[in-house]
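Colleague: fold the stuff below for me.
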Amino acid sequence: VKPAIHRKRISSTALHQLISLYGFLTVAGSSAAAVPTARVVSSITPMAGGFSGTNYRIEFSDGTKFCLKICHGYNRASVESQARVQDHLRQSGLKRACFAIPLVKNDGNGDDEFRFAAVDPDTGDPCLALTFLDGQAADAVIESGAVAECIIFEQFGHALAEMHAISLGDAQLRHFKTGGACDVQQHIDHTSYGKMEASKHTKSHPYFTEFYPTRLAALIKAMTKSVDLPQGVLHGDPFLDNALVDPKTGQFCGFVDFEDATTGPLLFDVACAVIGTCFPEGSSVFDMSRFQHLMVGYFGVRPLQSSERHLFIQFCQLTLLCNCTWRFINFNVDNREVVECRDRYRELQDQIVALEESQTTLAIEKVLDELSLVQNPQKR
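Modeller: Numbering: from 1, shown residues only. Model (predicted):
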């Protein structure tokens, strides 16, 4: 299980001010009488968070809850775009995910273009109020051994396919070219390359000079073909720690952490889920049993098309490259003070190499072919 990142908490005044922007009161009394429709908060509890978010559980007297999330490293427009993707999923009937709660009044730091994202008055970081999902992170439940992995992986795959089955319709949502999806566009347009090239810490590093360039070329080649693949809503980061399950039964509760949510080729999200779940923590050995159960669940709702199966390995490799390079740049260029994380990219680098081995790729393709035949027995 990945360790939580502990950041300095925002001030009580700022916290209460942000909560009020979503129509909730933090103290009972005359203010509650003046706003009779407002709900009064009974408790505010800091939660464990990741590098990109600081979270608070906000609870009401009736036991219902929501999450206030401070988003680090993102601008307000990006967070608003994320929230609108979540809201499209909600309006389309998706149940198993957290959703953005709309603002009820402006915070004075923007205009009406912001329906969901507020701004922390202390730090200037954007923030969201999100519906609260009970459950435990899937990676923690797997590590506990309390539930059989096959149950968790099949449900995970089924839930991801449910999200992918939702139509875009005429919704005006952000596309991966403008944000999200592990910042893949920053590789396509060489922004990530330029950042590593410009930094004295990375311009001569073997990852940048030897490992990245040829794989970047493969990424760009694969993504140019993505326009012909099925399109839809992408979670963008469907890893095990971004999925909550019942810790006793393994029942899937929902997806959380939609910072990378966007639209684009559904295969990108499937591949991202595979590389984020089928390598056990700290391992570069691809777990074929996990993969098979994940795909059984996914194919049960949305079988992959032949064009997606053809590019499947390439997309697994490119999504790993995006995640690996994010770690490399984030902790070797942008946040070098987090010394203990500077080498965390190496784990994913080893996994990329593993996915280039013919034995692994052939086994993956065999699973996909067999599942395709089950869905289309006439092709036997």
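
Colleague: where does the stretch 101-250 of the chain dip in pLDDT?
Modeller: Within the stretch 101-250 of the chain, the segments meeting pLDDT under 70 span 106-112.

Colleague: quick one, helices of it?
Modeller: Counting by DSSP state H, counting those that start in this stretch, one finds helices in the stretch 101-250 of the chain at the ranges 138-144, 149-164, 184-188, 191-198, 206, 212-224.

Colleague: which residues are contacting the fourth one?
Modeller: In this case it means helix 191-198. If you take Cβ atoms under 8 Å, 6 or more residues apart in numbering as the criterion, helix 191-198 is touched by 183, 185-187, 202-203, 205, 208, 212, 216, 325, 328-329, 333. No exception for glycine: its C-beta is placed from N, CA and C like everyone else's.

Colleague: helices or strands up against the helix or strand harbouring Ala271?
Modeller: Per DSSP states H and E, Ala271 falls inside helix 266-277. When contacts are defined as 3 or more Cβ pairs under 8 Å, 6 or more residues apart in numbering; DSSP states H and E, helix 266-277 packs onto helix 149-164, strand 231-234, helix 288-299, helix 306-310, helix 312-329.

Colleague: ok, back up a step: which of the contacts of helix 191-198 sits closest to Phe60?
Modeller: For the contacts of helix 191-198, the minimum distance to Phe60 (Cβ to Cβ) is 36.6 Å, reached by Asp183.

Colleague: so what's that closest one up against?
Modeller: Counted by Cβ under 8 Å, 6+ apart, Asp183 has contacts Ser192, Asp260, Cys322, Trp326.

Colleague: out of the residues you listed, which end up buried?
Modeller: Ser192, Asp260, Cys322, Trp326 (16 or more other Cβ atoms under 10 Å).

Colleague: taking those together, which two end up most distant?
Modeller: Among the buried ones among the contacts of Asp183, the pair separated by the greatest distance (Cβ to Cβ) is Ser192 and Asp260, at 14.8 Å.

Colleague: wouldn't Phe24 be in contact with Ile58 here?
Modeller: Yes - assessed by Cβ atoms under 8 Å, Phe24 is found in contact with Ile58 at 7.1 Å.

Colleague: same drill for these two, tell me which one is more crowded.
Modeller: It is Ile58, of Phe24 and Ile58, that has more neighbours when counted by other Cβ atoms under 10 Å, with 24 against 21.

Colleague: what helices or strands is the one helix or strand that one maps to leaning on?
Modeller: Taking DSSP H and E as the definition, Ile58 sits inside strand 53-60. Packing partners of strand 53-60 (3+ Cβ pairs under 8 Å, 6+ apart): strand 39-47, strand 65-71.

Colleague: tell me which residues in it are buried?
Modeller: Those would be Gly53, Thr54, Asn55, Tyr56, Ile58, Glu59, for strand 53-60 by 16+ other Cβ under 10 Å.

Colleague: nearest to Gly236, of these?
Modeller: Checking those one by one against Gly236 (Cβ to Cβ), the nearest turns out to be Gly53, at 14.0 Å.

Colleague: how near is the closest one to Thr249?
Modeller: Gly53 is 27 Å from Thr249, where distance means Cβ to Cβ, to the nearest Å.

Colleague: got it, and Glu337?
Modeller: The gap separating Glu337 from Thr249 is 41 Å, by Cβ to Cβ.

Colleague: looking at the two, which is more packed in?
Modeller: Thr249 (13 against 7).

Colleague: my guess is the more buried one contacts Ile152. True?
Modeller: No - when contacts are counted by Cβ under 8 Å, Thr249 is not listed as touching Ile152 (9.9 Å).

Colleague: before we move on, back to that, now render the contacts of Asp183 as a markdown table, adding distance to Phe291.
Modeller: Formatted as a markdown table, the contacts of Asp183 follow (distance: Cβ to Cβ, whole Å):
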| residue | distance to Phe291 |
| --- | --- |
| Ser192 | 28 |
| Asp260 | 22 |
| Cys322 | 19 |
| Trp326 | 23 |
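
Colleague: nothing else from me, thank you.
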